[in-house]
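Chemist: Output the structure for:
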Amino acid sequence: MTIFIDTNVILDVLLNRKDVVEESSSIWALCERNIVKGYISAISFNNTHYIINKVHSRKKADQAVRTMLETFEAVSLDKQILNKANDAGFKDFEDAIQYFSAIHCDADYLLTRNVKDFPQKDFPVLEPSEFLALDLDGIGI
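Modeler: Predicted coordinates for the structure are as follows:
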């Protein structure tokens with residue numbers, strides 16, 4: 001099973017966000033243990049680095065990127081994704097990039113904290129807690 005993970009879920013873990021870190025950490029662990037294949041957009045790396053650097057330090061930001069590279073597959077940002085994102089009419093261009101990156105990697109699910117910002121057309125868009133609550137035979141959740 002392939003899941004695409006929005007940057008906000010990654011930041012839940014790296015910033016230890018109260019009330020949501022446990023669910024997002026469970027998603028991260030599923031990817032680490034290769035129970036699911038976890039993908040993130042290339043833009044998640046620079047966005048995460050920027051935020052961690054601002055909140056903590058360059059050293060922690062560099063370590064966060066290394067950890068992300070060890071755990072997740074990166075969806076390259078190419079002209080096709082950018083064109084689709086630009087033409088899609090999303091309220092938020094970054095969300096459009098995330099959405100079309102998820103399509104590009106053939107995601108079965110897109111996991112985000114901003115479900116309302118994404119169409120429910122090509123795959124289910126769920127909060128981490130909703131994904132963890134699914135009865136998915138054979139993946140060991």
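Chemist: use CA for all of it now, contacts and neighbours both
Modeler: OK.
Chemist: tell me how far stretch 108-125 is from the chain's mean position?
Modeler: Relative to the chain's own centre, stretch 108-125 is displaced by 11 Å; criterion: Cα atoms, centre = their mean, to the nearest Å.
Chemist: Also stretch 113-130?
Modeler: 11 Å.
Chemist: what stretches of the chain score poorly on pLDDT?
Modeler: Along the chain, segments meeting pLDDT under 70 span 137-141.
Chemist: show me where this structure has helices.
Modeler: Here the chain has its helices, by DSSP state H, at 7-14, 21-32, 42-55, 58-71, 79-87, 93-104, 128-133.
Chemist: Any chance of JSON lines for the ones you listed, columns distance to residue 111 and mean neighbour count?
Modeler: Below are the helices of the chain laid out as JSON lines (distance: least, Cα to Cα, whole Å; neighbours: other Cα atoms under 10 Å):
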{"stretch": "helix 7-14", "distance to residue 111": "7", "mean neighbour count": "20"}
{"stretch": "helix 21-32", "distance to residue 111": "9", "mean neighbour count": "19"}
{"stretch": "helix 42-55", "distance to residue 111": "13", "mean neighbour count": "17"}
{"stretch": "helix 58-71", "distance to residue 111": "16", "mean neighbour count": "16"}
{"stretch": "helix 79-87", "distance to residue 111": "18", "mean neighbour count": "15"}
{"stretch": "helix 93-104", "distance to residue 111": "10", "mean neighbour count": "22"}
{"stretch": "helix 128-133", "distance to residue 111": "6", "mean neighbour count": "15"}
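Chemist: Would you format those helices as CSV with distance to residue 117 included?
Modeler: Output for those, formatted as CSV (distance: least, Cα to Cα, whole Å):
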stretch, distance to residue 117
helix 7-14, 13
helix 21-32, 19
helix 42-55, 17
helix 58-71, 24
helix 79-87, 13
helix 93-104, 7
helix 128-133, 15
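Chemist: Out of those helices, which gets nearest to residue 121?
Modeler: helix 93-104 (10.5 Å; Cα to Cα).
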